[in-house]
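Asker: Mind folding the following:
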Amino acid sequence: MTRKPRIGLLPLYLKLYDDRMPEERGKFAPFLKTVAQGLERHGVEVHCAPVCRVAGEFRQAVRSFQKSDVDLLVTLHLAYSPSLESADLLTRCKLPILMLDTTMDYGFGRDVNPARIMFDHGIHGVQDLASMLRRRSKRFQIVAGHVTRSDVLARAAGVAQAAYAARLLGQMRTLRIGESFRGMGDFAVAPEVLRRVLGVTVDQISASALADDVKKVTAGQIADEIARDRRAFRVELPEEVHRRSVRVGLGLRRRLERGGYGAFSFNFLAFDRGAGPVDTVPFLEASKAMARGLGYAGEGDVLTAALVGALSAAFGRTTFTEIFCPDWKGNALFLSHMGEINPEVAAGKPRLCEKDFPYTAAQNPAVLAAAPAAGPAVLVNLAPGPRDTFGLIVCPVQALGDATNRKMRDGIRGWIRPAGPVATFLENYSRLGGTHHSALVLGEKAEAVAVFGEFAGFETAII
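Answerer: Residues are numbered from 1 along each chain as shown. I've put the predicted structure just below:
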């Protein structure tokens, strides 16, 4: 089960104010509450420390954040706070840091009451601390804007999602079913390198190794799953095709849950038997698994599967995809794959149908036919580089909606438009080593996804 990103909110203040003006601090409580509740409205779980002024209080706050297992430490300067009270501790702290640069008042013009200086001068505390962290080579993120009259809290929540995604990727447990597709080299990375560099572990099994889990699926479980499918999808396939796909899919689900896997991939050619427990390719379960927040990629690509899993759990509405064809005339790119799409990204109710499968002896599978919903999105690619390095390619795009030719609606399809000309995009993408397997994240999340790349230690490029 996925959870919300967790932040530790660290309010900073000056002890001198308490010593000389003890009545002032309480006036900041509504502002602090506004920040915390605003972040929570953007889907973040907030653990707020008591107001901190001196080094000992900062140490206690960080310990409490570590105990609460937060993903990101967020500083909030209520007023000026001398950097040397917190800089040493924050430099040593292993948590990623976001500085939230905001104030109570929206306007501070020439007609301002001088009494408001007390409540709006925290920004030079931000500057003091940011300067010290940079001098000490401590990396941090910063977002600035008015607390309610800008998108600053939404951006902060995006950074929290990025920190959570980076943490998930660094502990991702993946399952590969079958060998990687023979001859596909772009995503091929040795399991030892995935473990050492990314923290991603890989277990590999054959398709037939799912047999015991498939045999344990009961008739009642199959009936319940089919009933759920009939509510969620437009079911337009023979009952026997639906039933066998659900049966094999539920067996795969059992295996994933037993192993605690956050992502998986299979080579469809590994499913080569038309009889026995594992008699079809579990494309349908791959789609459903992505809707539950698991990562998936095709052809044995556990690298992209781990990426999809981290992004999906943190940002939601993410699917595995491939760029298939250029639309030079329409300045767009066609996305597709054989039989896997997260139904949560679909423009409408997905159609569940039978797919002809001539590649092995396996019987025809059930697949979802759908297109991603129109609107802003991000195409994301994790590209292996020289000497066991990795680069993250972040591409803000517009998803263009469904096909107008109804013959295209029998499969997985979608079109995206990059920020510039398609030709320039494709040139830059390949110069950066982008692979042919990617993730598509719905929403205006390019900035946050790029921060994920920084937190994960990737060379990150935005096209």
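Asker: which stretches of the stretch 1-150 of the chain form strands?
Answerer: Along the stretch 1-150 of the chain, the segments classed as strands by DSSP state E, counting those that start in this stretch run 6-12, 45-48, 72-77, 97-101, 141-144.
Asker: Does anything pack onto the second one? Which helices or strands?
Answerer: When contacts are defined as 3 or more Cβ pairs under 8 Å, 6 or more residues apart in numbering; DSSP states H and E, strand 45-48 sits against strand 6-12, helix 29-41, helix 55-68. (Each C-beta comes from the backbone N, C-alpha and C, glycine too.)
Asker: Return, as residue ranges, the portions of the stretch 1-150 of the chain with sub-threshold pLDDT.
Answerer: Along the stretch 1-150 of the chain, the model assigns pLDDT under 70 to residues 1.
Asker: re earlier: among the strands of the stretch 1-150 of the chain, which is nearest H121?
Answerer: Between H121 and the strands of the stretch 1-150 of the chain, the shortest gap by Cβ to Cβ is with strand 72-77, which sits at 8.7 Å.
Asker: where in the stretch 301-450 of the chain is pLDDT low?
Answerer: Across the stretch 301-450 of the chain, not a single residue meets the criterion (pLDDT under 70).
Asker: hmm, back to that, with mean neighbour count and distance to R255 as extra columns, can I get the strands of the stretch 1-150 of the chain in CSV?
Answerer: Shown next, in CSV, are the strands of the stretch 1-150 of the chain (neighbours: other Cβ atoms under 10 Å; distance: least, Cβ to Cβ, whole Å):
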stretch, mean neighbour count, distance to R255
strand 6-12, 26, 29
strand 45-48, 18, 30
strand 72-77, 27, 33
strand 97-101, 23, 38
strand 141-144, 18, 38
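Asker: Columns distance to R134 on top of these, output as CSV?
Answerer: Listed next are these as CSV, based on distance: least, Cβ to Cβ, whole Å:
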stretch, distance to R134
strand 6-12, 17
strand 45-48, 26
strand 72-77, 14
strand 97-101, 11
strand 141-144, 11
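Asker: So which of these is nearest V345?
Answerer: Closest to V345 of the strands of the stretch 1-150 of the chain is strand 45-48 (Cβ to Cβ; 24.4 Å).
Asker: How far off centre is that closest one?
Answerer: In terms of Cα atoms, centre = their mean, to the nearest Å, the centre of strand 45-48 is set 20 Å apart from its chain centre.
Asker: Pull up the pairing partners for it, direction included.
Answerer: Strands flanking strand 45-48 in the sheet, each with its direction: strand 6-12 (parallel) (DSSP bridges).
Asker: Report the angle between the strand it pairs with and strand 72-77.
Answerer: With axes from the mean of the first three to the mean of the last three Cα atoms, to 10 degrees defining the directions, strand 6-12 sits at 20 degrees from strand 72-77.
Asker: Quick one: distance of strand 6-12 to the chain centre.
Answerer: Relative to the chain's own centre, strand 6-12 is displaced by 22 Å; criterion: Cα atoms, centre = their mean.
Asker: okay, the angle between it and helix 29-41?
Answerer: Using the same axes, to 10 degrees: strand 6-12 against helix 29-41 is 160 degrees.
Asker: Just the C-alphas of strand 6-12, formatted as PDB.
Answerer: Only the C-alpha atoms of strand 6-12 are listed here, as PDB (Å, rounded to 0.1, in the frame of the first residue of the first chain):
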ATOM      1  CA  ARG A   6       5.600  12.900   5.000                       C
ATOM      2  CA  ILE A   7       7.300  16.200   5.800                       C
ATOM      3  CA  GLY A   8       8.900  17.500   9.000                       C
ATOM      4  CA  LEU A   9       7.900  21.100   9.300                       C
ATOM      5  CA  LEU A  10      10.600  23.100  11.200                       C
ATOM      6  CA  PRO A  11       9.500  26.600  12.400                       C
ATOM      7  CA  LEU A  12      12.500  28.900  13.000                       C
END
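Asker: any idea how far the closest residue to G145 other than its chain neighbours is from G158?
Answerer: Of all residues not flanking G145 in the chain, V152 sits nearest, at 3.4 Å (Cβ to Cβ, 6 or more residues apart in numbering). Between V152 and G158 the distance, using Cβ to Cβ, to the nearest Å, works out to 11 Å.
Asker: and what of L10?
Answerer: 19 Å.
Asker: separation between A310 and G274?
Answerer: For A310, the distance to G274 (Cβ to Cβ) stands at 36 Å.
Asker: neighbour count winner among the two?
Answerer: A310 (30 against 13; other Cβ atoms under 10 Å).
Asker: Neighbours of the residue nearest to G145, how many?
Answerer: 19.
Asker: residues touching it, list them.
Answerer: Shown in contact with V152 (Cβ atoms under 8 Å, 6 or more residues apart in numbering): 100-102, 143-146.
Asker: Could you identify which of the helices and strands packed on strand 45-48 is most buried?
Answerer: Among the helices and strands packed on strand 45-48, the stretch with the highest mean neighbour count (mean count of other Cβ atoms under 10 Å) is strand 6-12, at a mean of 26.
Asker: Scan this structure for its longest helix.
Answerer: Here the longest helix in the chain is taken by residue count, with DSSP state H as the criterion, and it is helix 239-259.
Asker: Could you list every helix and strand that that one packs against?
Answerer: Packing contacts for helix 239-259, counted by 3+ Cβ pairs under 8 Å, 6+ apart, involve strand 173-177, helix 211-215, helix 219-232, helix 283-291, strand 366-369.
Asker: What is the fourth one packed up against?
Answerer: This points to helix 283-291. Here helix 283-291 is seen to pack against helix 239-259, strand 263-266, strand 295-298, strand 318-327, strand 366-369 when contacts are counted using 3+ Cβ pairs under 8 Å, 6+ apart.
Asker: Next, the angle from the fourth one to helix 283-291.
Answerer: It stands for strand 318-327. Following the same axes, to 10 degrees, one obtains 110 degrees for the angle between strand 318-327 and helix 283-291.
Asker: next SSE after strand 318-327?
Answerer: Using DSSP states H and E, the helix or strand that directly follows strand 318-327 along the chain is strand 332-336.
Asker: Tell me the strands beside that next one, with direction?
Answerer: For strand 332-336, using DSSP bridges, the partner strands are strand 318-327 (antiparallel), strand 414-418 (antiparallel).
Asker: Okay, strands next: where are they in the stretch 351-463 of the chain?
Answerer: Secondary structure of the stretch 351-463 of the chain by DSSP E, counting those that start in this stretch: the strands cover 351-354, 366-369, 375-384, 390-399, 414-418, 438-442, 459-462.
Asker: Redo the ones you listed as CSV? Include mean neighbour count.
Answerer: Output for the strands of the stretch 351-463 of the chain, formatted as CSV (neighbours: other Cβ atoms under 10 Å):
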stretch, mean neighbour count
strand 351-354, 20
strand 366-369, 26
strand 375-384, 23
strand 390-399, 21
strand 414-418, 22
strand 438-442, 26
strand 459-462, 16
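Asker: and those strands as JSON lines, adding distance to Q66?
Answerer: As requested, those are exported to JSON lines (distance: least, Cβ to Cβ, whole Å):
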{"stretch": "strand 351-354", "distance to Q66": "46"}
{"stretch": "strand 366-369", "distance to Q66": "42"}
{"stretch": "strand 375-384", "distance to Q66": "29"}
{"stretch": "strand 390-399", "distance to Q66": "27"}
{"stretch": "strand 414-418", "distance to Q66": "40"}
{"stretch": "strand 438-442", "distance to Q66": "29"}
{"stretch": "strand 459-462", "distance to Q66": "27"}
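Asker: Alright, that wraps it up for me.
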